[in-house]
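# sequence first, predicted model second:
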Amino acid sequence: AQRTKVKYLYVNDVNIQQNAYTNTDYNTVVIGPLVKTIVKDAFSICTIKKTIWMPNVRPSGIPSCATGSVNYISSRSTYPDSYILYENLTSIFEVDGIKYVPLNKDTCDVIDCNYNSSQISVNIGSTVTYGKRTMVVRHIRDYACYDDDKIAGDIILSNQGNVGNYAFSLCPNAKTVDVSNNGYIGQQAFSKCTNLTIANVHNRGNVGNEAFLDCIISQQLNINNRGSLGYRAFYSSRISSLSVDNNVTSIGIGCFANCTISQQATLNNKGPIYRSAFKNTELNNLSITNNVTTVEDSCFANSTISRS
């Protein structure tokens, strides 16, 4: 049978029966507080990115097919082997389509979104106000807004922690990205965002491996993060104009390999450019300033450079 794709599933049956939710790819599955038993093969032939477990007591019979790439739990009862504990998970709240979980009365994390058509742009600031309380926003967790084709505007992030792996991967209709979080940007955090016009990357931390893999940035990519650019961070992307500024400490192996950079590319990072960083890349009007300390062998192997 052909696999189906479901963005969000909430299940709150006392007993989840065999093959109840089979042969499906889920972005988010929420196991409600009433669930007591999950029988074998209840989620057979499924993939789940995020599973949010609301019961305070572990449901019996949890099969591996019910667990996600990320699992959030509300108590220390033994759940899947790999999980993130939020003792206030049942206090999850939503603001402008983004779902937050309190760590305490002053701090929260982002773990999910509502995949709703009204969620055009995403603006996650350093704080969020819900009701009468204002809280500091710490991390944006893995897969938080993964595969959300309803985001059709800006993604603006200035949270006080990290942006997790795959957090905004496969958001094909997002128009701009502006990231100034106080932490790293995780693996494939923005990979396969194929309709961007501008991306500004100035976080205080490293940019992870393949963070912007296979992106299309039709106007300008500005990078001035306080840290390194990871392995294949922008691999196989199509970029109009590139500026790497002097807060960047290094450009990693294969960082811009297999890219097309159609206009100006200015490299002003303070530190090395590692091997194969621009391998097989089409460049026009390349400029490398004196801040760059080392350009390793094969950095520009098999590249075409129109002017430099």
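Arrived safely.
# where does pLDDT dip in the stretch 201-308 of the chain?
Across the stretch 201-308 of the chain, the ranges flagged by pLDDT under 70 are 307-308.
# and the strands in it?
216-223, 228-229, 238-244, 250-251, 260-261, 265-267, 271-273, 282-283, 286-288, 292-295, 304-305 (DSSP state E, counting those that start in this stretch).
# out of these, deepest packed?
Of all the strands of the stretch 201-308 of the chain, strand 228-229 carries the top mean neighbour count, a mean of 26, counting by mean count of other C-beta atoms under 10 Å. Bear in mind the C-beta positions are built from the backbone N, C-alpha and C, glycine included.
# can you name every helix or strand that that one contacts?
Packing contacts for strand 228-229, counted by 3 or more C-beta pairs under 8 Å, 6 or more residues apart in numbering; DSSP states H and E, involve strand 250-251.
# what is the strand it packs on packed up against?
strand 228-229, strand 271-273.
# in JSON lines, list those strands along with distance to T176.
Below are those laid out as JSON lines (distance: least, C-beta to C-beta, whole Å):
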{"stretch": "strand 228-229", "distance to T176": "20"}
{"stretch": "strand 271-273", "distance to T176": "27"}
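# distance of E94 from A211?
26 Å (C-beta to C-beta, to the nearest Å).
# of the two, which one has the most company?
A211 (31 against 13; other C-beta atoms under 10 Å).
# separation between the more buried one and M135?
For A211, the distance to M135 - C-beta to C-beta - is 27 Å.
# repeat that for E210.
31 Å.
# quick one, which of those two is more surrounded?
E210 (25 against 19).
# contacts only, for that one.
Q187, Q188, S191, G230, Y231, R232, A233, Y235 (C-beta atoms under 8 Å, 6 or more residues apart in numbering).
# scan those and report the most crowded one.
A233 (30 neighbours).
# C255 is in contact with that residue, correct?
Yes - contact criterion C-beta atoms under 8 Å: A233 and C255 qualify, at 4.9 Å.
# show me where the stretch 1-150 of the chain has its strands.
4-11, 15-16, 24-31, 37-38, 47-53, 70-73, 84-85, 93-95, 98-102, 107-113, 122-124, 127-130, 133-140.
# closest to L242 out of those?
Minimum separation from L242 across the strands of the stretch 1-150 of the chain (C-beta to C-beta) falls at strand 122-124, 24.1 Å.
# so what does that closest one touch, helix or strand wise?
Strand 122-124 packs on strand 154-157, going by 3+ C-beta pairs under 8 Å, 6+ apart.
# ok, S306 to E282 distance?
8 Å.
# ok, now D112?
Relative to E282, and taking C-beta to C-beta, D112 is found at 39 Å.
# now do I92
In terms of C-beta to C-beta, I92 sits 46 Å off from E282.
# surely S75 meets V57?
Yes - the pair S75 and V57 qualifies as a contact (C-beta under 8 Å) at a distance of 7.4 Å.
# neighbour-wise, which of those two wins?
Using other C-beta under 10 Å, the more surrounded residue of S75 and V57 is S75, with 17 against 11.
# the nearest residue to that one once chain neighbours are set aside - how many residues pack around it?
Excluding its sequence neighbours, the residue lying closest to S75 (C-beta to C-beta, 6 or more residues apart in numbering) is N56, at 4.8 Å. When neighbours are defined as other C-beta under 10 Å, N56 has 13 of them.
# do C145 as well
28.
# now do the contacts for the nearest residue to it once chain neighbours are set aside.
Distance criterion C-beta to C-beta, 6+ apart; nearest residue to C145, sequence neighbours excluded, is C113 at 4.6 Å. Taking C-beta under 8 Å, 6+ apart as the criterion, C113 is in contact with G97, I98, K99, Q119, V122, A144, C145, D148.
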